[in-house]
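>>> Generate coordinates for the sequence data below:
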Amino acid sequence: MNKTYNIGVEATIDVIGGKWKPVILCHLQNNGLMRTSALKRAIPTITQKMLTQQLRELEKDGIINRIVYDQVPPKVEYELSEYGQSLGKILSSLCYWGEFHVEKMHQQGESVSLAQQDYINIPH
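As a prediction, the model looks like this:
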C-alpha cells in the first residue's frame, strides 16, 4: 500500500503521536537505558498493557532499541535508537513548551503544577 502524507509533520505524528509515546521518549532521552518497571514508575498513570503496546510500536518503527539480557530472572531494557536520537530537538522543544505552558497557566491563577522539569530552565 502506498502511503502519502500531505506534509512532513503528519509522518512525524504517525510515529510519535498519541498520549504516551512522547512521554516515553522524553524519559528515555533524559534517563538513557530504562527497564519497563522504571518507565512504569516514571509514568504512573499509564497501564502496563498500554506501556507494553507503545514500546512495541516504537521498537517496530526503529525509534527505540529493546535490549534483552540472557539471565534469570529475565532483564529487558529500552533506549533510544540512533534513529530515535534524531528526535532529540523535537522532544526537547515539546518539553520546553509544556513547561512554558504550565508556567503561563500558573501565572494566570490556574491550579496547576509540574511534578518534574526536563532539565530546561524556563525564562521568566
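>>> Tell me how far the spatially closest residue to T12 that is not a sequence neighbour lies from M1.
Leaving out its chain neighbours, the residue that sits closest to T12 by C-beta to C-beta, 6 or more residues apart in numbering is I90, at 7.3 Å. Placement of C-beta: from N, CA and C, glycine included. Per C-beta to C-beta, to the nearest Å, I90 is found 27 Å from M1.
>>> and the residue nearest the centre of the chain, what does it touch?
By C-alpha atoms, centre = their mean, the chain has its centre lying nearest to L25, at 2.3 Å. Neighbouring residues of L25 by C-beta atoms under 8 Å, 6 or more residues apart in numbering: I16, L58, I63, I64, L80, G84, L87, L91.
>>> what about it, distance to V112?
23 Å.
>>> Let me see the backbone angles for the residue nearest to the centre of the chain.
Per-residue torsions, L25: phi -60, psi -40 (degrees, to the nearest 10).
>>> and the gap between it and Q108?
From L25 to Q108 the distance is 29 Å (C-beta to C-beta).
>>> Check the offset of the helix ranked longest in the chain from the chain's centre.
Secondary structure of the chain per DSSP state H: the longest helix is helix 88-107. Computed by C-alpha atoms, centre = their mean, to the nearest Å, the chain-centroid distance of helix 88-107 equals 14 Å.
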